[in-house]
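> Sequence unavailable; structure follows:
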């Protein structure tokens, strides 16, 4: 098989935000999700994201929650080998049996795995071996897809799973590079200005019995369904996400020093971890700067604030006299809002299964269901999300103290 093309490079004219990168559209992939072209596109885009990084960049692990780029490249390959090729392609030859242990993430049913906090210690296999592994599995998958098979749902899941890891590659390497005192950039700064700022405002929505969740048409992760009914009181959502300038006003009003705005666990984080601004922000020569994928830049007051935790989002909302949206409110309102896809937007909803949800049998059932504890839902996508990967029903989830992922804020309020 010839070397795969490196596709989906962002254009120079694409708008950029504090997180860095073009803003994706909230649409579905316009090609057959199980097709050869989708496989080539997804696999080559992952390699394109890794291409600017040195071998050292791709090996480092800056914290237990992040993973090395090389591990992401291998794990997304392990997924296809483990769940598609080994059980469904009788002629497939396993690349290296040791990889089953090294590159499993959290699938207990598959077997033991290397501890997550120690992924940065996997110096071998090296980058060339992982590239050969990807080439081997991609070639086998292309052959597999040209033949009749009964694993189309697994292939589709694997491709969307790899798109999730594309986003994680950018999140994780941004954190790793931020730890370097040289403040190296992942990529050069793009030319041009971002989209013009949107004036603040509100969209009002009448309450009642609503249906939310995926309707079963097209791809969705299992935690997006089943579709179900909820009762909502009348509410309003801000037209756009909270800006950096608005968040600076919160900082300047001693927001990080006033416990009345904070949940108890959030106030503990402020004091124990020394929070005083979003992650990657620093004061330099009397003004706020932020580390982006393009290096250290002055904070643009018009851009959406990024890299705040759920605790910070809730504190800002309380300081503003508002609240965070519930995820059903967000989903109902999504079509009338602006700025979706710029930052993941924290909601006030804990990550729990929808009524009627049942996990799939086997190891695949571990994909989402077992994480329904101590996490909060985010909606909307961010600048690092692959183009076409999102849907209004998409549910992301992180612990409420997480800041390295690209989380932002949209305000809500009750309509009396």
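Thanks, I have it. Bear in mind that the values here come from a model prediction, so they are computed numbers and not experimental data. Numbers count the residues shown, from 1 in each chain.
> From here on, just use CA atoms for contacts and neighbour counts.
Fine.
> need the helices for the protein, in chain order.
For the chain, the helices defined by DSSP state H cover 36-50, 55-59, 69-80, 86-88, 99-102, 127-145, 152-178, 244-252, 264-273, 310-319, 327-333.
> Make CSV from those helices and add mean pLDDT, distance to residue 224 and mean neighbour count to it.
Formatted as CSV, the entries for the helices of the chain read as follows, by pLDDT from 0 to 100; distance: least, C-alpha to C-alpha, whole Å; neighbours: other C-alpha atoms under 10 Å:
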stretch, mean pLDDT, distance to residue 224, mean neighbour count
helix 36-50, 97, 22, 19
helix 55-59, 98, 32, 18
helix 69-80, 98, 21, 24
helix 86-88, 95, 27, 13
helix 99-102, 97, 29, 19
helix 127-145, 97, 27, 17
helix 152-178, 97, 13, 21
helix 244-252, 98, 31, 17
helix 264-273, 98, 28, 14
helix 310-319, 98, 21, 24
helix 327-333, 98, 11, 21
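> for the ones you listed, which one sits closest to residue 109?
Distance to residue 109, taken as C-alpha to C-alpha, is lowest for helix 99-102 among those, at 12.1 Å.
> what pLDDT does residue 194 get?
At residue 194, the pLDDT value in this model is 53.
> which one of the helices of the chain lies closest to residue 390?
When those are ranked by distance to residue 390, counting by C-alpha to C-alpha, first place goes to helix 152-178 at 9.9 Å.
> re the thing from before, now tabulate the helices of the chain in a markdown table and tack on distance to residue 344.
As requested, the helices of the chain are arranged in a markdown table below (distance: least, C-alpha to C-alpha, whole Å):
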| stretch | distance to residue 344 |
| --- | --- |
| helix 36-50 | 20 |
| helix 55-59 | 25 |
| helix 69-80 | 21 |
| helix 86-88 | 35 |
| helix 99-102 | 30 |
| helix 127-145 | 30 |
| helix 152-178 | 12 |
| helix 244-252 | 15 |
| helix 264-273 | 19 |
| helix 310-319 | 11 |
| helix 327-333 | 12 |
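> Which one, of those, ends up nearest to residue 210?
Each of these was scored for nearness to residue 210 using C-alpha to C-alpha, and the closest is helix 327-333 (8.0 Å).
> tell me how far that closest one is from the chain's mean position?
Centroid separation between helix 327-333 and its chain, computed with C-alpha atoms, centre = their mean, to the nearest Å, is 19 Å.
> Go ahead and name everything in contact with it.
When contacts are taken as C-alpha atoms under 8 Å, 6 or more residues apart in numbering, the neighbours of helix 327-333 outside the stretch itself are 205, 212, 230, 232, 235, 237, 347-349, 377-379, 392-393.
> Could you do stretch 222-233 as well?
206-216, 328-329, 353-357, 359, 368-369, 393-395, 414-415.
> Buried ones among those residues?
Neighbour-count burial (16 or more other C-alpha atoms under 10 Å) applied to the contacts of stretch 222-233 gives 212-214, 328-329, 353-354, 359, 368-369, 393-395.
> Farthest-apart pair in those, please.
Maximum distance among those (C-alpha to C-alpha): 25.1 Å, for 329 and 359.
> Export the buried ones among the contacts of stretch 222-233 to CSV and append columns for distance to residue 183.
Output for the buried ones among the contacts of stretch 222-233, formatted as CSV (distance: C-alpha to C-alpha, whole Å):
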residue, distance to residue 183
212, 43
213, 42
214, 42
328, 40
329, 39
353, 40
354, 43
359, 43
368, 35
369, 38
393, 36
394, 33
395, 32
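> Just the buried ones from the contacts of helix 327-333?
Listed as buried from those are 205, 212, 232, 235, 237, 347-349, 377-379, 392-393; burial here means 16+ other C-alpha under 10 Å.
> closest to residue 364 out of the helices of the chain?
Distances from residue 364 to each of those were compared using C-alpha to C-alpha; the minimum, 8.9 Å, belongs to helix 152-178.
> on that earlier part again, so which of the helices of the chain comes closest to residue 295?
Ranking these by proximity to residue 295 (C-alpha to C-alpha) places helix 152-178 first, at 8.4 Å.
> which helices and strands sit right next to that closest one?
helix 36-50, helix 69-80 (3 or more C-alpha pairs under 8 Å, 6 or more residues apart in numbering; DSSP states H and E).
> Reformat those as JSON lines; add distance to residue 261.
As requested, the helices and strands packed on helix 152-178 are arranged in JSON lines below (distance: least, C-alpha to C-alpha, whole Å):
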{"stretch": "helix 36-50", "distance to residue 261": "39"}
{"stretch": "helix 69-80", "distance to residue 261": "37"}
